[in-house]
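Asks: only geometry, no sequence info:
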């Protein structure tokens, strides 16, 4: 019975990883391992691309959610970017749920950010909506590097076009 449960749990994690990384389908996986210096509270498993869950507390209207998990200050957990975007959250952190290696898209985004953000920071910022840097203009080299990383990492973000326009205007 325990073996069946473990098999079902492993299948669930694999299906979740496939669903969350659908945007990188067809791209070869990198052979470089993720820097082990960046740690999260959730243990990463396997050698698949890194997949995140998001723990968020702030709402785009500036209010703080006082229901559910957020009532105790820990935040509400989401498993997809779309769910966070729909909830219009502004204060999120990314928690690794599976994988140990960056996908080609993740590596490109970290390279584009050029040291201004880790993969976890890019993922957390990608989950957020209605906050900086998505709504603000790009006016410094650091903001441009972060914006470039987010544009590469978050192709489906509702505010991506605005950020791309700000980045293009800055680079002029």
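Replies: Thanks, I have the structure now. Worth saying up front: this structure is predicted, and the values here are computed from it rather than measured.

Asks: Run through the residues that contact the residue nearest to residue 159 when sequence neighbours are not counted.
Replies: Closest residue to residue 159 apart from its sequence neighbours, by C-beta to C-beta, 6 or more residues apart in numbering: residue 134 at 3.9 Å. Bear in mind the C-beta positions are built from the backbone N, C-alpha and C, glycine included. When contacts are counted by C-beta atoms under 8 Å, 6 or more residues apart in numbering, residue 134 touches 128, 150, 157, 159, 162, 163.

Asks: Drop anything exposed from those residues.
Replies: Buried subset of the contacts of residue 134 (neighbour count, 16 or more other C-beta atoms under 10 Å): 128, 150, 157, 159, 163.

Asks: Which of the residues you listed lies at the shortest distance from residue 112?
Replies: residue 150 (8.5 Å; C-beta to C-beta).

Asks: just checking, which of the contacts of residue 134 belong to helices?
Replies: Within those, residues falling in helices by DSSP state H are 150, 162, 163.

Asks: Touching, the first one and residue 157? I think so.
Replies: Pointing back at residue 150 there. Yes: using C-beta atoms under 8 Å, residue 150 is in contact with residue 157, at 7.4 Å.

Asks: list residues touching both of those two?
Replies: Common neighbours of residue 150 and residue 157 are listed as 126, 134, 163 (criterion: C-beta under 8 Å, 6+ apart).

Asks: Rank the residues you listed by pLDDT and give me only the lowest.
Replies: Within the set of these, pLDDT is lowest for residue 134 (89).
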